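S.K.: sequence and predicted structure below; questions after.
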Amino acid sequence: MTEQAEKSEKNRYKDTVLLPKTDFPMKAGLQQREPELQKHWAETRLYERIRAARKGAPAWVLHDGPPYANGDAHTGTGMNKTLKDMVVKFRTMQGFDSPYVPGWDCHGLPIEHNVLKDLGGKKPDNMTSVRLRELCLDYANSYVDKQRAQFKTLGVLGRWEDPYLTTSPVYEANVLRVFADLFARGFITRAKRPVHWSWAAQSALAEAELEYEDRTDPSVYVRFPVSSCGKDCKFRDHVEALPEAGSIWDTLALLIWTTTPWTLPANVAVAASESAEYVLVAYRRAGGEKLEHLVVAGELLKTVSEKARLRDVRVLKTFAGVDLKGVGYNHPFLDTACPVVFADYVTLSDGTGLVHTAPGHGKEDFETGRREKLPVVCPVDEAGRFFTGERLRKELQLAPTFEDSRGWLEMLQGQNVLKANPLIVEKLRAEGWLLHDEPVHHSYPHCWRTHQPVIFRVTEQWFIRIDHVDPDRAFNPQGKTLRQRLLDEIARTQWFPAWGEKRISAMIENRPDWCISRQRFWGIPIPAFADAQSGEVCLDASTLEHVIGVVEQHGSNAWYDDRNWPVEKLLPDDVRPKQFKGRKLVKMNDIFDVWFESGASHRSVMLADPELRDKFPAGMYLEGDDQHRGWFQVSLILSVATQGRSPFKQCLTSAFVVDEKGEKGSKSKGNIWAIDKGCADLGADLIRYYFASVNTSEPIPVTYALIQGAGEGYRKLRNTFRALVGNLFDFDPARDAVAYDRLLPLDRWALSQTARVIAEVTAAWERYEFHAAMRALGDFANVTLSAQYVDVCKDRLYCESATGLSRRSAQTAYWIIADVLTRLLAPVLVHSVEDMWRHLPRVAGSPDSPHLAAWPKAEAKVDAELDARFELFFKLKAETDRVLDRMRKDKQIGKGYDATVALAPDETLAGELTALGKPEALAAELAEVLNVSGVSIGPGGAGFEAAQALKGLSLRVSVCDRPACARCYRRTGDVGGVSAHATLCKRCAGVVGDRA
RNA sequence: GCGCCGGUAGCUCAGCUGGUUAGAGCACACGCCUGAUAAGCGUGAGGUCGGCGGUUCGAGUCCGCCCCGGCGCACCA
């Protein structure tokens, strides 16, 4: 036959071949399609319809951790919302009632900071606090609106029109109720303690608000002159026993070391180790001839003398630290008499073994000071400056007789502490106290907002007592401390990844009491009053209840609105404790730590919102793993203390978003972008697909290039679905679906594989290992479907009788698989699955959106016997494919139908094959699977080659020169058997019949 | 300093309680098909499983030490 004749024969039968047909586009056009679908969801009220459909079902609530209402929603927050949406959609499809109420954290320093910046750095004198707070509220609300719009572009479904805001009066009132409960149970205390203090933000900071950054500080070695020795002082005996005792006393000093010279004015003691070994040494300074003496830890003498380049160093006496008991020294520039004390934290890893102790500026120092009854000196104001004038003298607790003859006070007053560092060092040097100084690099806590170093400062603050034992036995039957109860609850909670439990446990085990007060405007006031004269604090259950009522009605602005809410109205006599009736009171100025607010969301949202209040505790909290020390921890503390249990049953964390270099995202580096822009440029589904595909428990690189790269995987899934649905153009499941028992073995195998994937994907989702689910789906689409199943089914679907069993059988499997694929992808590819769903033939009564559909169940479709059968077949295929490829490269054949295959199994393999079917049928089935024109099974011989991976097999592939069927291209050997269709094989002639 | 996690093909990762020749996807090379077509199929190349030592008949898998990366905690007086 000529080439042209061949062509015309093909054309003659072209229309009888049932080629795939679908409008489902290969190209997603996400950028255009997604906004359309989002609009459609809004118009058809999809979220509300889901709520209605799940009404009364078991609840499974993911409680939203509120993002901060400031700045753009970027990749990190976008990922967080995406993961939450995936979990919510998964649980919804599983049949749970899973409402999603998003929230925003609207109070706090950063907003106040930005508003003040717009006002020129500080509150104008003529502006009321209420006005400032209104500006802050406007600012926060504008970002709520902005971020809400940004999150919606990701296709996240939720109660966007009615979110929770920490600024709403109801929210605020419930925060106060948490405080009232804590107060009633005895957890609240007001005390003077050292706290981390940001002088730049002028506020106390919580642990979670610290960031450690590298910094260079002066490291100084300072001589503190020994001035006295108590009566039974062993050290005195040591000195007196030496012949040169007299001259020693004149030049003797304790050598201390510090990297914060600015704390030296607050020095009140030197701490030594009782057990360490100290030495009394004589030496000369690098540039001097005078003999001097000092005390230092023996182990550190060498380092110190080398650093300070001391000469003629001679150890006069070695003794135990405890012998220093009773030694006193004179503060080098304030002349106060100070003692040597002992502390077990004194180590010999750095410094001199003699620790400069300033209880006003260090936590351990403070504890030592309390134990040793040392004065607490804290001469630094809230802005990090030394006090001035009389106030400075007072704070330094100087003797009235002290004369500032050397100009120390003059120099320090009003000085920022960090700027004071070099001044102090230079003056110490000039006066001869300094033995050595050098710059030291170390990590140092910084304020997370201002990025300025923080200082320790003793102030009066409100605290939650972590080791308090709630006396209410109904609530705390075993009389445990809050800390212990927190650890108990942590153990009862499921943590994903599992190491989260260790992490948060360690934090709870070690954490100090929680300082909940802040000295700012933009927050919820701690509703305490004080006597205008004495400062005595007025606070009890009834004052709290009354103020809470006012706040719930009028918002927390009432506290700041002195005109409308003077103290007499805010706290009328009849709600005051007896002793405060009629007295002049003032409102106290502290606000709550914002972490207290967001940590109270279990009360303000989960237990207060009409839609959620019967669903406490939440099924899950899901945030970045930094929230172990943030929101998770504070939520846990407040809920365990006031509700007696963890506010969440599961806690899932993700790692941080980084750039391709592994660096943390930041706006200034430009490696972070607004999520709505990402959606517009790349498509929300692609971004979602990427987030679902990566291991979120390790730092997650997010760049355009990486997300675009993930497009391969997305397109493969899409095209595989398209291949399936393209073959369902004439399939109506109600009419054409074939019962499972009548399905062809290959189709039942495909369903068995599908069942396995459902099980695997579901298990991965239950562990929240989304990337494992996406991998399973990717492998399923790539290998099981695309390379194996779909390829083998083509002949049946294209060429068999349209309504015959073998075609309908394949279509039935295709339909089920396409449906399962759509559902398994629904939580991730939220937009794409809508289009998939629309192109999928559906039975009457099925929902109009996949998000209303049910999660697939594996049921009992796994068939191990079939799986084994086809596993063997596909192994045979791998062997023949290798040989076929060689022949293609030799230009002997083109497509597989140009060849036939002879298989020569050894005895064992032959036995296996025999068990799988009668020789005739088996050969035909294998020809189909191998995509060749014929298979024979028999003994081997010349031209056979050994298989590579399959034991016991030899095979021979031959060029098949039988004529090809013009319709199905197979060279079956029976072409022309039907005279009306001389160019067709018998099968095709039968199918075509009279039609062509 | 202590602890946790990770280090398997160019990239992203699978490899459960130790057991035949270490796998997959992407990318790459070559080829086929042109009836999934800005698709699809096949074949191939590519790995001292971070390094060293040990236990074992046998180690990517267990143990010890070390190196690298990330994180947490502590210290930073």
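M.R.: On my side now, so go ahead. Numbering: from 1, shown residues only, chains lettered A, B, ... in the order given.
S.K.: the helix or strand harbouring A:Leu922: which residues count as buried?
M.R.: Secondary structure assigned from DSSP states H and E places A:Leu922 in helix A:919-930. By neighbour count, and taking 16 or more other C-beta atoms under 10 Å as the criterion, the buried residues in helix A:919-930 are A:922-923, A:925-930. In short, each C-beta sits where N, CA and C put it, glycine included.
S.K.: list the contacts for the closest residue to RNA strand B within the stretch 401-550 of chain A?
M.R.: At 3.8 Å from RNA strand B, A:His442 is the closest residue in the stretch 401-550 of chain A, using C-beta to the nearest atom of the strand. By C-beta atoms under 8 Å, 6 or more residues apart in numbering, A:His442 lies in contact with A:214-215, A:217, A:259.
S.K.: go again with 10 Å.
M.R.: Shown here is A:His442, whose contacts under the criterion C-beta atoms under 10 Å, 6 or more residues apart in numbering are A:212, A:214-217, A:219, A:259, A:350.
S.K.: now swap in A:Glu501 and tell me
M.R.: Remark: with contacts taken as C-beta under 10 Å, 6+ apart, A:Glu501 is in contact with A:490-491, A:493-495, A:628, A:651.
S.K.: ok, back up a step: neighbour count added to the contacts of A:His442, as CSV?
M.R.: As requested, the contacts of A:His442 are arranged in CSV below (neighbours: other C-beta atoms under 10 Å):
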residue, neighbour count
A:Tyr212, 10
A:Asp214, 9
A:Arg215, 15
A:Thr216, 11
A:Asp217, 18
A:Ser219, 21
A:Thr259, 19
A:Asp350, 13
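S.K.: just name the closest of those residues to RNA strand B, please.
M.R.: Nearest to RNA strand B out of these is A:Thr259 (C-beta to the nearest atom of the strand; 3.1 Å).
S.K.: what sits against that closest one?
M.R.: For A:Thr259, the set of contacting residues under the criterion of C-beta under 10 Å, 6+ apart consists of A:215-220, A:350-351, A:356, A:421, A:439-440, A:442, A:444.
S.K.: and with 8 Å instead?
M.R.: Contacts here follow C-beta under 8 Å, 6+ apart; on that basis A:Thr259 touches A:217-220, A:440, A:442.
S.K.: A:Pro25 falls within a strand, correct?
M.R.: No: under DSSP: H, G, I helix; E, B strand; the rest coil, A:Pro25 sits outside any strand and is assigned coil.
S.K.: number of residues surrounding it?
M.R.: The tally of other residues near A:Pro25 (other C-beta atoms under 10 Å) stands at 12.
S.K.: buried residues, stretch A:908-917. List them.
M.R.: Of the residues in stretch A:908-917, those buried (16+ other C-beta under 10 Å) are A:909-910, A:913, A:916.
S.K.: low-confidence regions, the stretch 151-300 of chain A specifically.
M.R.: By pLDDT under 70, the weakly predicted segments of the stretch 151-300 of chain A are A:208.
S.K.: do that again at 80, thanks
M.R.: Residues of the stretch 151-300 of chain A meeting the criterion pLDDT under 80: A:201, A:206-216, A:230-231.
S.K.: now do the strands in it.
M.R.: Ranges of strands in the stretch 151-300 of chain A, per DSSP state E, counting those that start in this stretch, are A:164-165, A:188-198, A:203-205, A:210-229, A:252-258, A:269-272, A:277-284, A:291-297.
S.K.: can you list those in CSV and add distance to RNA strand B?
M.R.: Formatted as CSV, the entries for those read as follows, by distance: least, C-beta to the nearest atom of the strand, whole Å:
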stretch, distance to RNA strand B
strand A:164-165, 28
strand A:188-198, 10
strand A:203-205, 13
strand A:210-229, 6
strand A:252-258, 3
strand A:269-272, 7
strand A:277-284, 14
strand A:291-297, 9
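S.K.: Throw those into a markdown table and include distance to A:Leu182, thanks.
M.R.: Conversion of the strands of the stretch 151-300 of chain A to a markdown table gives the following (distance: least, C-beta to C-beta, whole Å):
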| stretch | distance to A:Leu182 |
| --- | --- |
| strand A:164-165 | 21 |
| strand A:188-198 | 5 |
| strand A:203-205 | 18 |
| strand A:210-229 | 24 |
| strand A:252-258 | 38 |
| strand A:269-272 | 35 |
| strand A:277-284 | 47 |
| strand A:291-297 | 45 |
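S.K.: by mean pLDDT, point me to the weakest helix or strand of chain A.
M.R.: Least confident helix or strand of chain A, by mean pLDDT, DSSP states H and E, is helix A:3-14 with a mean of 77.
S.K.: distance between that one and the chain's centre?
M.R.: When distances are taken as C-alpha atoms, centre = their mean, to the nearest Å, helix A:3-14 is centred 62 Å away from the chain's centroid.
S.K.: the stretch 451-600 of chain A against RNA strand B: which residues are in contact?
M.R.: Counting by C-beta under 7 Å from any atom of the strand, the residues of the stretch 451-600 of chain A close to RNA strand B are A:499, A:502-503, A:506-507, A:510.
S.K.: again, only this time at 10 Å
M.R.: Contact residues of the stretch 451-600 of chain A with respect to RNA strand B, defined by C-beta under 10 Å from any atom of the strand, are listed as A:455-456, A:497-500, A:502-504, A:506-507, A:509-512.
S.K.: wait, what's in contact with A:Asp53?
M.R.: Actually, residue A:53 is Ala rather than Asp. When the contact criterion is C-beta under 8 Å, 6+ apart, the partners of A:Ala53 are A:847, A:852.
S.K.: what do you get for A:Asp467?
M.R.: When contacts are counted by C-beta under 8 Å, 6+ apart, A:Asp467 is found next to A:481-483, A:513.
S.K.: can you tell me the closest non-neighbouring residue to whichever residue of chain A sits closest to RNA strand B?
M.R.: Here the residue of chain A nearest RNA strand B is A:Gly894; by C-beta to the nearest atom of the strand that distance is 2.1 Å. Using C-beta to C-beta, 6 or more residues apart in numbering and skipping the chain neighbours, the partner closest in space to A:Gly894 is A:Arg888 (6.8 Å).
S.K.: so where is the stretch 801-950 of chain A shaky, pLDDT-wise?
M.R.: A:858-860.
S.K.: around RNA strand B, pick out the residues from it.
M.R.: So far as C-beta under 10 Å from any atom of the strand goes, the stretch 801-950 of chain A lies against RNA strand B at A:874, A:877-898, A:931, A:947-950.
S.K.: A:Thr754: which element?
M.R.: Using DSSP H and E, A:Thr754 sits within helix A:745-766.
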